[in-house]
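Q: Just the structure for this:
(one chain, ligands or ions: 1)
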Amino acid sequence: MSEIELLKCENCKTIQYPGRKRCKKCKSFDLKPFMCKPSGKVITHTTCSALPESIKHHKNVTFAIIDLDDGGRILSQVWPSDSVEIGTNVVGYEDVISIQSNGTENIGWVFKPAV
Ligand SMILES: [Zn+2]
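A: This next block holds a predicted model:
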């Protein structure tokens, strides 16, 4: 299973995602990769139906904030749409999350309910 690469501040130990140059908490530049399993729990979510062209291959897309089991919090798409509630355990996998106008597929993390 692939792992999600987040960043961990060596100064204050805050785990952060997406990548950035400085710690969002203490502003240190001492950030190191932090690998974690793609599993966690939905903290909150919303479903969008007015989508940009790049993700119109879906009718609706649910975006969720997920607390990862290994630490850290991320925002991710959840498929199928409307499949989760607050507190749902989810697992992640890599898939096509958007398609550019020239047909290039963008691969990213997507989550689904854990079984
Ligand atoms: Zn820090």
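Q: what sits opposite the residue positioned nearest the centre of the chain in the beta ladder?
A: The centroid of the chain falls nearest to residue 76 when counting by Cα atoms, centre = their mean (3.3 Å). Taking DSSP bridges as the rule, residue 76 bridges to residue 64.
Q: who's in contact with it?
A: Residue 76 makes contact with 63, 64, 66, 92, 108, 109, 110, 111, according to Cβ atoms under 8 Å, 6 or more residues apart in numbering. The C-beta positions use only the backbone N, C-alpha and C, and glycine is treated the same way.
Q: What about those, which are in strands?
A: Applying DSSP state E to the contacts of residue 76, the entries found in strands are 63, 64, 66, 92, 108, 109, 110, 111.
Q: of all the residues you listed, which comes closest to residue 39?
A: Nearest to residue 39 among the ones in strands among the contacts of residue 76, counting by Cβ to Cβ, is residue 92 at 6.9 Å.
Q: Is the closest one in contact with residue 42, as I believe?
A: No. Taking contacts as Cβ atoms under 8 Å, residue 92 lies outside contact range of residue 42: 11.9 Å.
Q: In terms of neighbours, single out the busier of these two.
A: Ranked by neighbour count (other Cβ atoms under 10 Å), residue 92 and residue 42 place residue 92 first, with 25 against 21.
Q: Find the nearest non-adjacent residue to the more buried one, please.
A: Closest residue in space to residue 92, ignoring its immediate chain neighbours: residue 38 at 3.0 Å, by Cβ to Cβ, 6 or more residues apart in numbering.
Q: neighbours of the one you found, just the number please.
A: By other Cβ under 10 Å, the residues close to residue 38 number 22.
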